[in-house]
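Undergrad: Fold the stuff below for me.
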Amino acid sequence: MQDVPGIIHWLNDGYIGTAIRESTWLFPIVESTHVLALAISIGVLIWFDFRLLGISMRYRPVSQLHEQLMPVAMTGFVIMFITGVLLFWSSATKTYLNEFFRIKLVFLFLAGVNALVFELTTKRTISEWDKAPIPPARVRLAGLLSIVTWTLVIAAGRATAYHF
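TA: Numbering: from 1, shown residues only. Presented below is the predicted three-dimensional model:
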């Protein structure tokens with residue numbers, strides 16, 4: 001068995017972790033909110049990624065969709081992140097030791113890197129490909145990597161829940 005850092009035990013055994021875990025209503029509310037926020041955030045993001053791939057909404061400027069969809073995706077992501085932290089807190093020790101949780105974190109990190117690269121580099125040239133029905137390869141790659149990494153985050157997250 002792996003060593004578990006003291007902070008993990010403190011989170012797990014403290015008042016908040018215990019309250020979430022043992023509450024009749026709190027854990028289901030946090031978990032349901034997490035799943036709903038995930039559906040909103042990633043659902044909207046994948047819709048945008050389909051545009052980046054040139055699969056859907058080919059004649060809508062990418063900049064227009066980005067402006068409309070990203071605030072919704074980010075709101076969902078913030079809620080998903082907060083509730084994810086609370087879910088971790090409720091079973092910190094088991095989750096920390098779960099291999100699928102570690103896989104989830106790796107793909108979550110990769111999804112974040114992909115988004116950051118898109119926002120800081122790829123999007124800088126948006127004026128060149130904004131209205132193209134099929135964007136350049138690097139843009140399509142960003143959309144594909146987003147779909148793949150978020151799918152793997154979700155799959156690993158579900159596996160985490162079923163392998164305690």
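Undergrad: which helices and strands does the helix or strand containing Phe101 pack with?
TA: Using DSSP states H and E, Phe101 falls within helix 99-120. If contacts are counted by 3 or more C-beta pairs under 8 Å, 6 or more residues apart in numbering; DSSP states H and E, helix 99-120 sits against helix 137-162. (Each C-beta comes from the backbone N, C-alpha and C, glycine too.)
Undergrad: hmm, back to that, the helix holding Phe101 to helix 137-162, inter-axis angle?
TA: 160 degrees (axes from the mean of the first three to the mean of the last three C-alpha atoms, to 10 degrees).
Undergrad: next structured bit after helix 99-120?
TA: Next along from helix 99-120, by DSSP H and E: helix 126-129.
Undergrad: Could you report the neighbour count for Ala156?
TA: The number of residues packed near Ala156 is 20, by other C-beta atoms under 10 Å.
Undergrad: Skipping adjacent residues, who's closest to it in space?
TA: Leaving aside its sequence neighbours, Ala156 sits nearest to Lys104 (C-beta to C-beta, 6 or more residues apart in numbering; 3.7 Å).
Undergrad: and the one you found, how many neighbours does it have?
TA: Neighbours around Lys104, by other C-beta under 10 Å: 22.
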